[in-house]
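>>> Turn this into a structure:
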Amino acid sequence: SKKQLKQRSAVMLNLLRQLEFLLAEKLSDELKVQLNQVAALEPSVYGAVSLKAKQLLDSASIPAFPVRLESLRTELLKSSRDLNALSLQPGIAVSVDLLVVLMSDTAETSRKAAMEVYIRRVYRAHVIRHLDIEENTATGELSAHWSFTLRDTADLETTPLRHGYMSIFSDFTELSTYLPGIISKASKYLVDTKYKEPVNVLHIGFSKQSKDLTENDLSVRLQNALVGYKRQLADMRCRMVNFLSIDPSDQRTKKVGYFNFYSETGFAEDPISRNMRPTMPLLLELNRLTKNHDLIKLPTVGRNAQLYLGVEKGAGSDKKSRDSMQQVLFLRSISLSFDSAHSDGAERIMLMALDEIERAMLDPRVTDTASTRMFLNIIPDIDMDLTKCLEQFQKIMASMISKFATRLLKLRVDEI
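Next comes the predicted model:
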């Protein structure tokens with residue numbers, strides 16, 4: 001039986017990976033019992049299988065959308081709440097979209113708190129120097145303005161102090177009515193700086209939209225709406241305009257859509273970063289990819305992971321030229337878990353990454369010669385001396401490469 005252990009483990013892993021495509025609430029009680037039994041297997045023998053079962057059980061344990069929404073709302077309404085501490089909690093990672101929904105809550109306290117936690121969470125990798133939330137009772141507009149820097153060690157004498165403005169209004173159909181006022185108010189806070197490059201950000205959200213609008217329809221209308229304000233946005237040193245919208249097609253989950261428009265593209269939407277929270281492209285360093293490669297976005301299971309199929313720019317526009325170029329699969333992800341810099345967390349992340357790549361290899365657009373490159377940005381601060389941190393990282397990487405050498409070779413991973 002020991003001779004067949006490797007084959008049996010491979011079969012079990014493939015079966016477990018297929019379960020990731022099922023909704024957590026559809027997992028039967030009987031199946032959950034069986035997954036618990038698999039998760040309890042000896043890690044030294046069935047490590048990968050046991051870990052995958054635990055991941056599935058963790059996903060299955062996430063409460064339904066309405067339950068999470070009410071739980072978060074209750075937390076925001078507590079008089080003793082610490083909004084900054086709440087924004088740093090690992091569990092809030094699955095609730096960021098809920099915060100957008102709660103910005104239109106019936107309670108003013110909940111609305112303001114949701115906006116503050118959202119901003120602090122999304123800009124977690126930055127340093128917020130100042131943040132104010134206010135609401136116009138006459139128009140119902142909820143807005144925020146803040147200043148921030150990119151790094152905690154930043155010297156304000158040499159590093160740009162950036163400014164952000166956010167506004168939430170009720171209905172997308174009123175965009176043309178509200179947009180001039182939003183741009184005017186934002187200009188008071190998105191001030192010119194001594195730096196020539198654009199550094200400020202503008203976020204605009206709406207809580208209702210027509211069910212007939214597709215994402216592409218929405219993108220076109222948003223882009224057309226910005227055309228008349230390009231000069232003003234440039235004068236405000238605005239680097240990015242981010243739109244948030246709540247999809248009304250599924251009232252059970254209220255999916256939030258994100259559309260990013262950058263100054264470097266003349267405030268045209270960047271399709272590669274669609275439905276990515278506004279700071280994600282920067283954290284994943286997507287600008288470096290788009291500068292050198294033509295990218296096709298591929299689907300992923302994890303929300304914090306992005307997969308792109310790329311070929312070097314200049315490959316030609318016809319299919320034959322593109323097919324002859326070497327393809328590269330780029331897996332880019334962020335980790336919000338504090339255990340990411342330790343062996344157990346690193347193994348979990350490695351397995352999830354390899355699973356994403358393995359699924360992508362089944363895409364007919366990916367050739368048999370495509371290589372793979374993996375990138376991970378660990379967000380939480382690690383309380384450890386830099387030298388010791390580097391030594392531990394090197395040991396963990398050596399262990400991971402040795403343990404998963406077969407899969408890394410099979411998936412043609414040439415860079416981590």
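>>> Chain neighbours aside, what residue packs nearest to residue 296?
Spatial nearest neighbour of residue 296, chain neighbours left out: residue 309 (4.5 Å); criterion: C-beta to C-beta, 6 or more residues apart in numbering. Placement of C-beta: from N, CA and C, glycine included.
>>> element containing the one you found?
Taking DSSP states H and E as the definition, residue 309 sits inside strand 305-312.
>>> Verify the stated contact: the residue nearest to residue 296 with residue 329.
Yes. A contact is recorded between residue 309 and residue 329 when judged using C-beta atoms under 8 Å, the distance being 6.0 Å.
>>> quick one: which of the two has more around it?
For residue 309 versus residue 329, neighbours defined as other C-beta atoms under 10 Å are more numerous around residue 329 (23 against 20).
>>> tell me the secondary structure for the more buried one?
Assigned state for residue 329: strand (three-state reduction, DSSP: H, G, I helix; E, B strand; the rest coil).
>>> do the same with residue 210
In three-state terms, and counting by three-state DSSP, residue 210 is coil.
>>> pLDDT value on it, please?
Among the per-residue scores, residue 210 shows a pLDDT of 75.
>>> For it, what are phi and psi?
Phi and psi for residue 210, reported as degrees, to the nearest 10, are phi -70, psi 140.
>>> Next: residue 165.
Here residue 165 shows phi and psi, under degrees, to the nearest 10, equal to phi -140, psi 140.
>>> what's the distance between it and residue 280?
For residue 165, the distance to residue 280 (C-beta to C-beta, to the nearest Å) stands at 19 Å.
>>> try residue 286
For residue 286, the distance to residue 280 under the criterion C-beta to C-beta works out to 8 Å.
>>> count of residues packed around residue 375?
Residue 375 has 18 neighbours, counted by other C-beta under 10 Å.
>>> just checking, it is part of a strand?
Yes. Assignment of residue 375 by three-state DSSP places it within a strand.
>>> contacting residues around the closest residue to it other than its chain neighbours?
For residue 375, ignoring the flanking residues on the chain, the nearest one in space by C-beta to C-beta, 6+ apart is residue 332 at 4.6 Å. When contacts are counted by C-beta atoms under 8 Å, 6 or more residues apart in numbering, residue 332 is found next to 284, 285, 286, 289, 305, 306, 307, 308, 375.
>>> of those, buried ones?
For those, burial is judged from neighbour counts taken by 16 or more other C-beta atoms under 10 Å, and it is met by 284, 286, 289, 305, 306, 307, 308, 375.
>>> In this structure the first one contacts residue 331, no?
Spelled out, it's residue 284. No. Here residue 284 does not reach residue 331: they are 10.0 Å apart, not a contact under C-beta under 8 Å.
>>> tell me, what's touching these two both at once?
Common contacts of residue 284 and residue 331, defined by C-beta under 8 Å, 6+ apart, comprise 306, 375.
>>> what about residue 355, how many neighbours?
Residue 355 has 22 neighbouring residues, counting by other C-beta under 10 Å.
>>> Which positions in the helix or strand it falls within come out as buried?
Under DSSP H and E, the secondary-structure element containing residue 355 is helix 343-360. Within helix 343-360, the residues that count as buried by 16+ other C-beta under 10 Å are 345-360.
>>> With stretch 7-21 instead?
Applying a neighbour-count criterion of 16+ other C-beta under 10 Å, one finds 9, 12, 13, 16, 17, 19, 20 buried in stretch 7-21.
>>> ok, the residue nearest to residue 296 - contacts?
Applying C-beta under 8 Å, 6+ apart to residue 309 gives the contacts 295, 296, 298, 327, 328, 329, 330, 360, 363, 365, 366, 370.
>>> Touching, the second one and residue 366? I think so.
So that's residue 296. No. With contact taken as C-beta under 8 Å, residue 296 and residue 366 are classed as non-touching, separated by 9.6 Å.
>>> Mind checking which of those two has more residues around it?
residue 366 (18 against 15).
>>> Helix, strand or coil: sort out that one for me.
The local conformation at residue 366, judged by three-state DSSP, is coil.
>>> tilt between the helix or strand where residue 11 lies and helix 343-360?
Mapping residue 11 onto the secondary structure by DSSP H and E places it in helix 5-19. With axes from the mean of the first three to the mean of the last three C-alpha atoms, to 10 degrees as the criterion, the two stretches helix 5-19 and helix 343-360 enclose an angle of 70 degrees.
>>> continuing past helix 5-19, what's the next helix or strand?
Taking DSSP H and E as the definition, the helix or strand that follows helix 5-19 towards the C-terminus is helix 29-39.
>>> can you pull the buried residues of that following helix?
Along helix 29-39, these residues count as buried under the neighbour rule (16+ other C-beta under 10 Å): 35, 38, 39.
>>> If I look at residue 84, what pLDDT would I see?
The model reports residue 84 with a pLDDT of 88.
>>> Check residue 28 too.
Looking at residue 28, the pLDDT reads 75.
>>> what about it, neighbour count?
Per other C-beta under 10 Å, the neighbour tally for residue 28 reads 8.
>>> Distance-wise, check it relative to residue 11.
Taken as C-beta to C-beta, the span from residue 28 to residue 11 is 21 Å.
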